[in-house]
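In: fold the stuff below for me.
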Amino acid sequence: MELFRLAGLIAGVLAAWVLSVWGEPNIAPALAVPALAASLAAGLWLADRAVPRPAGAGVRTARLVPRRTLDLVPAGPAAGVVLLTVALGGLLGVTGPASTAHTRSTVMPNNPLDGRHIGCVSGGVGQQGPWPGWFYAITIGATLALVAAGTVVVLRRLVTRPVDDADRRATANGVVSALGVLTAVTLGGCAYFTHSILGQPGVCESPVATSTRPWLLAPMLVALAAGGYYAVRLVRPPSNPEARRVGAVVAAR
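Out: Residues are numbered from 1 along each chain as shown. Below is the predicted model of the structure:
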């Protein structure tokens with residue numbers, strides 16, 4: 001199972017990096033987050049298919065109370081995903097209005113009002129991208145919303161799946177960890193491109209941009225640490241994933 005998850009993680013990160021750095025500069029970066037999400041999902045699906053199902057013979061055990069979805073979700077990692085999402089939303093909420101969609105200057109001949117470039121005009125220098133403006137923010141937001149909805153569906157279906165509780169918790173840990181990797185990589189990438197573009201000579205020399213650059217190091221470092229943490233949990237899940245055990249165990253045929 002770990003091999004499939006690792007393959008999905010590596011393929012997704014490589015695809016996102018290639019699309020962001022080497023792909024067509026206007027469209028390809030918008031596909032980086034969906035590519036990472038698809039690869040992570042494929043790795044999780046293949047890993048889940050590799051889990052042996054119970055034979056169905058003999059005496060099994062069942063709890064007297066219904067299982068709940070929250071009983072399977074690792075609380076700490078899930079809270080971390082929420083915080084990363086809030087940080088990403090805050091960053092995109094600032095960089096979006098600073099994109100060229102809100103620029104009406106005619107100083108530069110190369111001034112595309114497409115939301116993919118920074119909207120800071122300084123010395124007539126051509127605008128730089130990919131800037132995480134509204135064009136990319138919409139794609140990122142839509143992808144994360146779909147992945148979050150899929151995560152909820154998977155976690156709800158886990159409650160009734162014909163596997164034991166240990167496998168249910170391991171799958172729930174993998175799903176939450178994959179969402180954590182996706183959110184952390186996206187946050188780190190957006191912070192990196194913002195920091196890099198603001199630091200290019202002549203692109204934006206306003207005092208606000210200059211004073212903002214050092215603060216962008218914090219989300220980059222947080223995203224790097226969080227991405228590593230969730231990647232380890234995804235590939236090497238804990239032997240006893242945290243979950244609340246409820247109800248008594250009784251024999252059931």
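In: can you give me the strands in the stretch 1-150 of the chain?
Out: 60-63 (DSSP state E, counting those that start in this stretch).
In: all helices for the stretch 1-150 of the chain, in order.
Out: Ranges of helices within the stretch 1-150 of the chain are 2-21, 32-49, 75-95, 134-158, based on DSSP state H, counting those that start in this stretch.
In: next secondary structure element downstream of the helix ranked longest in the chain?
Out: In the chain, assigned by DSSP state H, the helix with the most residues is helix 165-198. Sequence order places helix 207-212 as the next helix or strand after helix 165-198, per DSSP states H and E.
In: after that following helix, heading C-terminal, what element do we hit next?
Out: helix 217-235.
In: now do that next one against helix 165-198, angle only.
Out: 150 degrees (axes from the mean of the first three to the mean of the last three CA atoms, to 10 degrees).
In: name the helices or strands packed onto helix 217-235?
Out: If you count contacts as 3 or more CB pairs under 8 Å, 6 or more residues apart in numbering; DSSP states H and E, helix 217-235 packs onto helix 2-21, helix 75-95, helix 165-198. Placement of C-beta: from N, CA and C, glycine included.
In: quick one: distance of the first one to the chain centre.
Out: Centroid displacement of helix 2-21 relative to its chain, using CA atoms, centre = their mean, to the nearest Å, is 12 Å.
In: what's that helix in contact with?
Out: By CB atoms under 8 Å, 6 or more residues apart in numbering, the surrounding residues in contact with helix 2-21 are 28-29, 31-33, 35-44, 46-47, 50, 130, 174, 181, 185, 189, 193, 231, 234-237.
In: contacting residues for the nearest residue to Leu216 once chain neighbours are set aside?
Out: Ranked by CB to CB, 6 or more residues apart in numbering and with sequence neighbours excluded, the top spatial neighbour of Leu216 is His195, at 4.1 Å. Taking CB under 8 Å, 6+ apart as the contact definition, His195 lies against Arg213, Leu216, Leu217, Met220.
In: can you say which of the residues you listed are buried?
Out: Neighbour counting by 16 or more other CB atoms under 10 Å classes Leu216, Met220 among these as buried.
In: including pLDDT, could the contacts of His195 go into TSV?
Out: As requested, the contacts of His195 are exported to TSV (pLDDT from 0 to 100):
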residue	pLDDT
Arg213	86
Leu216	93
Leu217	95
Met220	95
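In: now the two most distant members of the contacts of His195.
Out: Greatest spatial distance in the contacts of His195: Arg213 and Met220, 11.0 Å, computed using CB to CB.
In: between the longest helix of the chain and helix 134-158, how many degrees?
Out: Using the same axes, to 10 degrees: helix 165-198 against helix 134-158 is 170 degrees.
In: helix 165-198 versus helix 32-49: what angle between them?
Out: Taking the same axes, to 10 degrees, one finds helix 165-198 and helix 32-49 inclined to each other by 160 degrees.
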